[in-house]
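J.: Please find the sequence and the predicted model below.
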Amino acid sequence: MQEKQLIKYIKGELNIPEKREVLNWIRNNQENQKKYNILKAKYVAAKLKDIEDVDVDVHFKKFNKKVRDKKKVNYISYSTAIVMIIALSIVFSNNYFGKSKETLKEKIPATIENSLVDDSFIETVTSKGDNEEVILSDGSKIILNVDSKLIYPKKFNDSIREVTLIGEAFFDIERDVNKPFIVNANEIKIKVLGTSFNVKSYSKDEKIETTLVTGKVELIKDQDNTPVELSPSQKAVFYKTKNKIKIEEVDSSNIIAWKEGKLIFQKASMNEVIIDLERKYNVKFIINSQKLLNYEYTGTFDNLSIDEVLELLAISSPIKYSIKDERIILEMK
C-alpha cells in the first residue's frame, strides 16, 4: 500500500471502495497496522504543532462532507473540542482495526418474531435495531420501534379494539366511532377513536410518553378514572415512581423521526441518549462519570452509523470515548 493512499485515508479523502481497500490492507497483518499507526502518529504530531490555528468550523465541514450522501445532521450546538478530534485518532486506531472495532458494526438480527399467544392473539416482537409495520384487522397501521412487543387480536370484537404495547410504536388508527381503540402501555391506557400518535413505553424506562400527532386521545392511569386529554403536538409524560402525568408542547415530527432512522434529542439527559443508542445500534455503553449522566444533549443523528455517532458526540459535546471489551466507554473531557 502506497503511503500517499494511507495519507488520503487519514485525511478522509477516499471514497467508500478505497476506504474498504485500505482497511482490509491494515487488518491483514500486524506489520501493516504498525506502519499505519506510525504514519498516523506523525500526521497527528504535525497537526498538533498548529493547534492554535485550528478552526472548529472547518472540522465540522469535513464531518458533513464525509456523510453528505446520507442526509446529514443539522447541528444545534457544539463545543470547541478540536484537540480531541485530532488526538483521538491515535487511541481510536489501536481499537479500530482489532476485535473491539468489529463489535461496533451493526450486529442487528434481521428477523422479526411473530408468534401466536393463543388461538385469538398474535405477538409481534422486534429485535434491537429492527422496525416493523403491523396492519391490524381493521386496517389500522402500527410501526414498531426497536426492541418492542405488540400483542393484538387476530380480529377485533364488536365493541372495542384493544392492543398491548411494550416498547415504542407509532399508531395510525382507522376511525370508528362505535368501536374505540385502546392501547395498554404498562400503567397507562390510551383511548382513541381515530387518530395518529406515538407511544414510548419500555419496561425499564422511568417514564411513559404519549405524543399526539393528529386527532385526539385520552390517557387513563391505572386506578384513576379521570382521563387526561391531549391535543395535537402535545406529549403526556407519565413518571412511574411519582405516579404523575406532565403535559408538554412538542414538535411531534421530532418525536416520530425514528421511523425515518433519525434520533433527535432536545436537552435530553445523556442517560436517555445512551439508552436509545443501545436499542438502535445493539451496542453496550458504560458511563464512568455521574456528571455525564446529568449532562443534557441536544442534537440530531440522521441515519448515521455507530462510528459516526461517536465521532459526532466527541465533536459536539464535552464527551470522550474509548472502546474496551466490546463496550463503548464514555467520560467527560
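T.: In hand now; what should we look at?
J.: what residue lies at the spatial centre of this protein?
T.: If you average the C-alpha coordinates of the chain and look for the closest C-alpha using CA atoms, centre = their mean, you land on residue 277, 4.0 Å from that point.
J.: The residue of the chain positioned farthest from its centre: what secondary structure?
T.: Farthest-out residue of the chain from its mean C-alpha position, per CA atoms, centre = their mean: residue 158, at 38.7 Å. When the structure is split into helix, strand and coil by DSSP: H, G, I helix; E, B strand; the rest coil, residue 158 lands in coil.
J.: show me the contacts for it.
T.: Residues counted as contacts of residue 158 (CB atoms under 8 Å, 6 or more residues apart in numbering) are residue 179. To be clear about C-beta, it is placed using only N, CA and C from the backbone, and glycine gets the same treatment.
J.: Now it: phi and psi?
T.: When read as degrees, to the nearest 10, the backbone of residue 158 gives phi -80, psi -10.
J.: And the helices in the chain, which stretches?
T.: Listed in chain order, the helices of the chain (DSSP state H) span 3-11, 16-28, 30-49, 56-66, 82-96, 99-103, 252-255, 270-281, 290-293, 306-316.
J.: Could you double-check that the residue nearest to the centre of the chain lies in contact with residue 263?
T.: Yes. Between residue 277 and residue 263 a contact is recorded at 7.4 Å, counting by CB atoms under 8 Å.
J.: what touches both of these two?
T.: Common neighbours of residue 277 and residue 263, counting by CB under 8 Å, 6+ apart, are absent.
J.: circling back: check the gap between the residue nearest to the centre of the chain and residue 268 for me.
T.: Plainly put, residue 277 is 11 Å away from residue 268 if you go by CB to CB, to the nearest Å.
J.: Repeat that for residue 39.
T.: Residue 39 sits 39 Å away from residue 268, going by CB to CB.
J.: Which one's more surrounded, the two?
T.: When neighbours are counted by other CB atoms under 10 Å, residue 268 comes out ahead of the other of residue 39 and residue 268, with 18 against 15.
J.: Ignoring the adjacent residues along the chain, who's closest to the more buried one?
T.: Counting by CB to CB, 6 or more residues apart in numbering, residue 268 lies nearest to residue 297, which is 5.6 Å off, once chain neighbours are set aside.
J.: Run a quick neighbour tally on that neighbour.
T.: Residues contacting residue 297 under the criterion other CB under 10 Å number 20.
J.: That one against residue 271, yeah?
T.: No. The pair residue 297 / residue 271 is not scored as a contact, 10.1 Å apart, by CB under 8 Å.
J.: Tell me where the stretch 101-250 of the chain has strands.
T.: Counting by DSSP state E, counting those that start in this stretch, the stretch 101-250 of the chain forms strands over residues 113-116, 121-125, 132-135, 141-144, 149-153, 161-172, 181-185, 188-192, 196-201, 207-214, 217-221, 228-230, 234-239, 244-249, given from the N-terminal end onward.
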